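Colleague: let me see the structure of the following:
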Amino acid sequence: MSAKVADTIDRDSYIPAYVQLADILRQQIADGVFKPGDQLPSEAQLCRRYNVSPMTVRRVINMLVDEGVVVAIQGRGTFVKPIELGTAFFSLQDFQNLFTNQEESRVKLLETRILSADQRTAQKLEVEPGRRVVFIRRLIFQTGEPVLYHKEYLVYDPYRPLIEAEMEVTSLYGLFSGKGTNLKWGELAIEATVLTEEEAELLKSPAGTAAFRLEHIFYDFEDHPVSWGWFICPSNRLRFRTTVGVRGKERRE
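Modeller: Have a look, this model is predicted:
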């Protein structure tokens with residue numbers, strides 16, 4: 001367990017004074033010394049209390065504003081920001097973790113073929129209906145257990161070695177870690193679903209099991225969609241977490 005945050009600036013510490021002061025104020029907010037809506041001491045009061053310069057205090061306040069901990073109002077002061085659930089962001093780290101250990105992750109290619117785009121696929125990939133696209137189905141295993149079922153449609157381009165790259169687990173890891181891809185940006189959407197008979201058989205779970213459907217569209221550097229598809233993952237394999245408000249340093253560590 002880490003030591004409790006000190007309430008004074010340690011001049012002998014290797015940690016810069018502004019970092020120490022930011023930790024002190026965060027801890028005071030986490031401990032309820034300053035509650036949501038409360039005004040923090042003025043710049044002059046903080047300078048006197050902690051024997052730091054106005055520049056240090058301004059740097060700390062700017063840090064806390066950027067972190068969403070406080071809000072600075074011109075002419076009024078700095079106030080502790082209330083919890084705003086509407087601004088919470090959820091990470092896909094748990095999803096990415098399914099690919100992180102590439103020694104334990106394996107892709108089984110179930111199907112790959114070239115077909116004509118139907119109306120929905122054409123709309124997603126912004127191509128004319130009937131244009132040739134690549135369809136891929138694959139199953140992703142972790143430590144020998146099937147964890148993800150993936151279907152994907154790719155714009156067919158005989159001059160781009162896209163199919164081979166897409167077959168490897170490294171390409172999936174790259175999509176979510178930002179490494180080794182030539183994609184510019186993407187759109188992701190997550191919704192709740194239940195496993196169909198086909199999905200249940202592949203994922204070795206009962207049909208009707210609660211699951212997540214993560215749909216993606218990825219774009220190239222000319223802002224053209226090149227890939228549309230979705231992952232199916234049983235809900236017991238995936239959890240989305242986030243933190244709102246301010247946690248104390250002891251809990252953060």
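
Colleague: any idea whether residue 8 is helix, strand or coil?
Modeller: For residue 8, the assignment made with DSSP: H, G, I helix; E, B strand; the rest coil gives coil.

Colleague: can you give me the neighbour number for it?
Modeller: For residue 8, the number of neighbouring residues by other CB atoms under 10 Å comes to 11. All C-beta atoms are positioned from the backbone trio N, CA, C, and that covers glycine.

Colleague: so how far is residue 186 from the nearest residue to it once chain neighbours are set aside?
Modeller: Here the nearest residue to residue 8 in space, its sequence neighbours aside, is residue 50; by CB to CB, 6 or more residues apart in numbering that works out to 7.2 Å. Using CB to CB, to the nearest Å, one obtains 45 Å as the distance from residue 50 to residue 186.

Colleague: those two: which is more packed in?
Modeller: When residue 50 is set against residue 186 and neighbours are counted by other CB under 10 Å, the residue ahead is residue 50, at 19 against 15.

Colleague: quick one: the more buried one from residue 144, how far?
Modeller: Distance check for residue 50 against residue 144: by CB to CB, it reads 55 Å.

Colleague: and what of residue 38?
Modeller: 53 Å.

Colleague: mind telling me what element residue 24 is part of?
Modeller: With elements taken from DSSP states H and E, the one containing residue 24 is helix 17-30.

Colleague: helices or strands next to that helix in the packing?
Modeller: Counting contacts by 3 or more CB pairs under 8 Å, 6 or more residues apart in numbering; DSSP states H and E, helix 17-30 packs against helix 43-50, helix 54-66, helix 249-252.

Colleague: just those helices: most buried one?
Modeller: helix 54-66 (a mean of 17; mean count of other CB atoms under 10 Å).

Colleague: show me how far it is from its chain's centre.
Modeller: Per CA atoms, centre = their mean, to the nearest Å, the displacement of helix 54-66 from the mean C-alpha position of its chain is 27 Å.

Colleague: show me what that helix is packed up against.
Modeller: Secondary structure elements in contact with helix 54-66, counted by 3+ CB pairs under 8 Å, 6+ apart, are helix 17-30, helix 43-50, strand 70-73, strand 77-80.

Colleague: make a markdown table out of these and add distance to residue 112 and mean pLDDT.
Modeller: Below are those laid out as a markdown table (distance: least, CB to CB, whole Å; pLDDT from 0 to 100):
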| stretch | distance to residue 112 | mean pLDDT |
| --- | --- | --- |
| helix 17-30 | 51 | 91 |
| helix 43-50 | 62 | 95 |
| strand 70-73 | 52 | 92 |
| strand 77-80 | 55 | 93 |
